[in-house]
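Novice: Quick one, structure for this:
(3 chains)
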Amino acid sequence: MTAVAPAAFQQSNVDYVAILPMLIVASAALVGVLVEAFAPRRRRHVIQVSLAVVGLLAAFAAVVWVAVDPNKVGHKGLTMGFTDGTTNHSVFALAIDGPALFMQGSIVLMGVLGILTMAERFGGVGPDAFTPSGASTPGSASESAAARAGALTSEVFPLTMFAIFGMMIFPTTNDLIGMFVALEVLSLPLYILSGLARRRRLLSQEASLKYFLLGAFSSAFFLFGTALLYGYAGSVYFGDLSKAVATGPLAMNGLLLPGAFLVFVGLLFKVGAVPFHAWTPDVYQGAPTPVTGFMAACTKAAAFGAILRLAYVGLDTARWEWTNAVVIVAILTMVVGSVLSVTQTDMKRLLAYSSIAHAGFILVGVLAFDRKGVGAVLFYLVAYGFSTIAAFGIVSLVRQNGGEATHLSQWAGLGKRYPLTAGAFAFLMLAFAGIPLTSGFVSKFGVFSAAIGTGGATGTTLAVIGVVCSAITVFVYARVIVLMFFSDAPDDAVEVVTPSMATTFSIAIGTLITLALGVLPSSLLDLADRASQFVR
Amino acid sequence: MHTGMGSLAHTVGTYAAGLAAHEGEAHAATGFTAYAWLLVALPLAGATMLLLGGRRTDKFGPVVATALSWAAFVVGAIIFVEMLGRGADSRAQNVTLYEWVTAGTFKLSAGMLVDQLSMVFVLLVTFVGSLIHVYSLGYMEHDPDKRRFFAYLNLFVGAMLLLVLANSYLLLYVGWEGVGLASYLLIGFWNWNPAYATAANKAFVVNRVGDFGLTVALMLMFFHFGAVDFQTVLGKSAALTGANQGFMTAMGLMLLLGACGKSAQFPLQSWLGDAMAGPTPVSALIHAATMVTAGVYLIVRSAPIFEAAPTAQLVVVIVGAITLLFGAIVGCAKDDIKKALAASTMSQIGYMMLAAGLGPVGYAFAIFHLLTHGFFKAGMFLGAGSVMHGMNDKVDMRRFGGLSGAMKITWATFGLGWLAILGVPPFSGYWSKDKIIEAAFIGEGWRPWVFGGAALIGAGITAFYMSRLFFMTFHGKKRWDADDHPHESPRIMTVPMIVLAVGSAFLGLILSWNDMFVSWLEPVTGAEPEGAHPVVPVPLLLTLTLLLVAGGVFLAWMRYWRDDVPVTAPAGSLVTQAARKDLYQDQVNEALLMRPGIHLTRSLVFADSKGVDGAVGGLAALVGGTSSRLRKLQNGFARSYALTMLAGVVAILGALWVIS
Amino acid sequence: MSEPYVPILFMLGLGFAFAALSVFTSLVVGPKRYNRAKLEAYECGIQPSPQAAGGGRIPIKYYLTAMLFIVFDIESVFLYPFAVAFNKLGLFALVEMVLFILTVFVAYAYVWRRGGLDWD
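Specialist: Alright, predicted model coming up:
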């Protein structure tokens, strides 16, 4: 054994301006924790909601500020210094580039809508969808004890902010370790949020536990893959990874494919791609509905941002190794997601399978391997995100006996009694189905045509499967519309409760953006297009 | 830097509307034509008002909807008159509404192309549509959901006008989906009857297959031409050389698939018969006169694409020929008056398809036949509705007979439609259908004989089954039930029938005067090539056709007027049995698509052997079956989820290792 | 035997000696008052019952304490290398470290205010 020379520390550089949006969100989350600790009970809700919304809007302003300054875009936000004993290295841990900023901006904005739907109180003291004590039985002594002790449901806001913080790092980080940390930072609050449903508590607890267990399982895959890739390339930084593949062949060649795929597994789990999707319907159904909407929109966006960076920066040179694996996953995801959505009888599960199918469609765009593909994926994520938040927002309003009525049969005849709500929901269904004049059409058209254009024969095959699958899903959405408008309401009819301004705003904005992006998609297409260049 | 999504498009020329080089240049709209958007906006406003207005609009809603439909007709008529005032070369005008998509170099404006072809459709749709609105005021008078019905009718008219007025394939697609939606809603209008809801679903599923074709065609266009507007796509298609044939063929076939779905052409024809579940005015307007002809419109509009892809063009003719015979044979065996008419519609659209596939010799006649057919078939459907109205909503023709005395106006108007579809001179059908038969006999080699022969034989069968329908309903012995008291329908229903009957009688004659219609369309469809003559001399062909028709009528007269018609259907020959079951199309769909799918999924998931029940029809059953079987994998246990993940990883990695 | 491992071995020995000494000292110095509970085979200061309190669940308070411990444990893990390299890292690292500690204290304050430190 030989002695290893003590390593010298190499200083890191932090460009605080470039990472300002993330800092703002993290600080808002921390202040939120303090508010929860010190603010008087009565005011806590208002303070928390305004803190979160203001924090997110400030972060958005910061994103815009960074993005419009050409000196800052393409700027490396944070360098990580290290040394191997002989030479010093400095690598970029966070890459502030077009896709990262685009993703941060959209996650933050969708986060605002998510927060607003979570803030729905229906006249209570705290957010209505949540319980202050997730571990207890509804209405039990321990729950009321928790309430007496000052526990309020307003702590969901700091949790959400932490999740958003993680989601912002996720597509920004430029190395596998950072990506893992971001993955955990965004996941842990979501595990808790999933388990906090006030009603149907057991489902919620089960969802939370399942999400946690399977999330941990997928994290293990991610870490294992990271280890294999480190073994292959001797580094976890995307730039080095890409270089190592390009300058290969190395002795460890066999590690590349399993390493790359296992890392993808960790990320594909988060977007709910088949066969790593099994948690999605259970968790979407069990989690409090506003949380489900938030997860469906923001987590998906963040995870796809990370997938894009991994595919286009870290493992771009190794594309021939792993493409086939992801192609298989994409096909499975589209087919299973759309086929399984046909037999769903619960609205939230239906939307869950729909989200799985959408993940498949987005993967088709990722596999275009071109800037067009990146632009199309970015657009898709935003379009889908806003629609889905609004859709889950509406789901949370349809109630019976105080609880949400999510069984499809309960939605029968809704259109006759609440034409506006049902109309908005029907419109969102059309958007999911990809009918023209909705954002769904433009986004599907974008990813499929990108795949046909630059994906070669594989891309064309994927696009054709995608079109077939979206044809299948149209059937599902049309069934919901028909059910709402053309079936008779059951005797014990559900009601649509009147939401607060915040929720109304959130649903309205989500629906309007769905319409606007269908009728006038140009400006966002253009923005996504300009933001589609990664730095290395 | 502005590449990406935008540069999906290659450079697209500046957008000045109009069509391909060989078709007259379209100009920016002037005068009243600039208000062409009103055509779409008026009916859609009606639909919106009625749907959102709720019960408040129950009283006046239907009347307002009818008025708005007429208003659209008036707008169309003014534009038409204005168009007449211009020279033939400057009639095509483009109405740009707004910039729809601008991303990078890809620009697409939403706009309308008002030219001779779209004008024909505008007038047909608004005129027949409005008449049917009026008729429905009587027909649906006692339906509690009348308001909703009129809202959908308005929605349909608006979407159909959008379809024919669109200046790009993308906007056409919007209208295409819109009419599909309206059709779906109206077929299932009486959805308390499960069979009707099933019919609606079947129509929906089959149409998705067609729409899939249109979507793929749209993407192919986008990639090949970098544009989806008519001007660029058709202009570039016309300028193509043979090198791109494979591509053009693919595009043509995909467009054809779309057309087949919408127009109920072989092999996607199975939904039309079931679609008769909808209220009869709907069958008249959507499933006879207008929507189902959208496929023909698509083919004629895309003429340059098909000109550049002879293989695809040949397939169009083949599909048309098969469908026209198929529909005619099915029509001979149906006892349900509406289903017999539906089979006839299928067959007549087969004629149009065939003509549209023949190229410039056929385009104008395809549209001409479409127009006359729109009148006489809508008239006959309204007649059928009137009969049902008087006969307690019965549809079985074996229970009719001898109605001519009880319903004089219905009998007379239906009779005119009957003469028109038979192609008896001088009624409308003669001027359009016989021209198609003539055109089918033009060409070289085996084609004129096969296609011309099919068209000719089809005419004979048509004469038989339409006469059968007419005689069984209005002549022969009375076979009514005791409680049937047939009576003539109210004025509000008979007037539209009379108007349509007048059209069935004289429209063809008037429009053929001096080749008026054909030369009107010439700037769009291209001139008929000089010196193209049928392989059989025209007078001989005419005689042959009329002889066959007479033979068909005579045969029907013997069997269904002179002889007694049994009240219950006799077993019949094998052909009759097959035709009664729509020539086993559902069984074929099931055998080809559904069964293998079910077996495949069964073996995949080792599930039980219980058959799939409660399924909708071929494709839906396949999907539904697969779905419920796959659902068993979602058993709720976190351990099996984790196992699924692990198995997935192992399987995919294993597969990749095996491959490499 | 490589030279760098000698100090580690020495440290190990030292650690073991400390532990052994503590146990021995308490044995010698501490008062010895026996009662029934203390003579139980599994001794934790609470009377064992056939089933744990709360219907088979272990009270969450234990976890809270354990988690709090881990939080500060991790903090010290970070503090240690920082202290070692303090001179080289300079002001930058000091500021970062203060921020880190503050962040941990936010959590601490939260736990304190929300009653995480009260046993009952």
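
Novice: tell me the centre residue of chain A?
Specialist: Compute the mean C-alpha point of chain A, and by C-alpha atoms, centre = their mean the closest residue is A:T299, 1.7 Å away.

Novice: residues contacting that residue?
Specialist: For A:T299, the contact set (C-beta atoms under 8 Å, 6 or more residues apart in numbering or on different chains) comprises A:A163, A:M167, A:L186, A:L190, A:K270, A:V271. C-beta: built from backbone N, CA, C; applies to glycine.

Novice: now B:G453: how far from B:L544?
Specialist: B:G453 sits 11 Å away from B:L544, going by C-beta to C-beta, to the nearest Å.

Novice: wait, I meant B:P426
Specialist: On the measure of C-beta to C-beta, B:P426 and B:L544 end up 19 Å apart.

Novice: do C:Y110 as well
Specialist: Between C:Y110 and B:L544 the computed distance is 95 Å (C-beta to C-beta).

Novice: Equivalent analysis for A:A287, please.
Specialist: From A:A287 to B:L544 the distance is 74 Å (C-beta to C-beta).

Novice: who's more crowded, these two?
Specialist: More crowded of A:A287 and B:L544, by other C-beta atoms under 10 Å in any protein chain shown: A:A287, with 29 against 15.

Novice: surely the more buried one meets A:L209?
Specialist: No. Using C-beta atoms under 8 Å, A:A287 is not in contact with A:L209; the gap is 11.9 Å.

Novice: and for the two, which residues touch both?
Specialist: A:G195.

Novice: ok and the residue in chain C nearest chain A?
Specialist: At 3.7 Å from chain A, C:R113 is the closest residue in chain C, using C-beta to the nearest C-beta.

Novice: The closest residue in space to B:P267 that isn't next to it in sequence: which element?
Specialist: Excluding the flanking residues, the one nearest B:P267 by C-beta to C-beta, 6 or more residues apart in numbering or on different chains is B:C260, at 7.2 Å. Using DSSP states H and E, B:C260 maps to helix B:245-263.

Novice: Next secondary structure after that helix?
Specialist: Helix B:245-263 is succeeded, C-terminally, by helix B:270-274 (DSSP H and E).

Novice: Quick check: which helices or strands does that following helix pack against?
Specialist: Contact here means 3 or more C-beta pairs under 8 Å, 6 or more residues apart in numbering or on different chains; DSSP states H and E; on that basis helix B:270-274 packs against helix B:194-225, helix B:337-357, helix B:585-589.

Novice: Show me the strands in chain B, by range?
Specialist: For chain B, the strands defined by DSSP state E cover B:27-28, B:93-103, B:106-114.

Novice: how close does the residue positioned nearest the centre of chain C sit to C:Y108?
Specialist: What sits nearest the mean C-alpha location of chain C, by C-alpha atoms, centre = their mean, is C:F69, with 5.4 Å. Distance of C:F69 to C:Y108, computed by C-beta to C-beta: 12 Å.

Novice: now swap in B:D481 and tell me
Specialist: 89 Å.

Novice: Same question for B:A642.
Specialist: Counting by C-beta to C-beta, the gap from B:A642 to C:Y108 is 35 Å.

Novice: What about the closest residue to B:I286 other than its chain neighbours, how many residues nearby?
Specialist: Taking C-beta to C-beta, 6+ apart, and ignoring the residues beside it in sequence, B:I286 has B:S183 as its nearest neighbour in space, at 5.2 Å. B:S183 sits with 28 neighbouring residues when counted by other C-beta under 10 Å.

Novice: OK, contacts around B:A342?
Specialist: With the criterion set at C-beta under 8 Å, 6+ apart, B:A342 makes contact with B:L272, B:G273, B:A275, B:M276, B:S283, B:H287, B:A288.

Novice: Tell me the one of those nearest A:G456?
Specialist: B:L272 (39.1 Å; C-beta to C-beta).

Novice: Do I have it right that the closest one meets B:T345?
Specialist: Yes. Counting by C-beta under 8 Å, B:T345 is a contact partner of B:L272 at 6.8 Å.

Novice: Would you double-check that A:V125 falls in a helix?
Specialist: No. Assessed by DSSP: H, G, I helix; E, B strand; the rest coil, A:V125 does not belong to a helix; its assignment is coil.

Novice: so it makes contact with A:R43?
Specialist: No. Using C-beta under 8 Å, A:V125 is not in contact with A:R43, being 10.6 Å away.

Novice: Of those two, which one has the most company?
Specialist: The residue with more neighbours, out of A:V125 and A:R43, is A:V125; 15 against 11, by other C-beta under 10 Å.

Novice: gap between that one and A:F157?
Specialist: For A:V125, the distance to A:F157 - C-beta to C-beta - is 14 Å.

Novice: what do you get for A:R41?
Specialist: 15 Å.

Novice: ditto for A:A391
Specialist: A:A391 sits 22 Å away from A:F157, going by C-beta to C-beta.

Novice: cool, A:V17 as well?
Specialist: For A:V17, the distance to A:F157 under the criterion C-beta to C-beta works out to 27 Å.

Novice: what about these two, which has more around it?
Specialist: Set A:V17 next to A:F157 and count neighbours by other C-beta under 10 Å: A:F157 wins out with 29 against 17.

Novice: I'd assumed A:L116 was in contact with that one.
Specialist: No. A:F157 is beyond contact range of A:L116, at 10.9 Å (criterion: C-beta under 8 Å).
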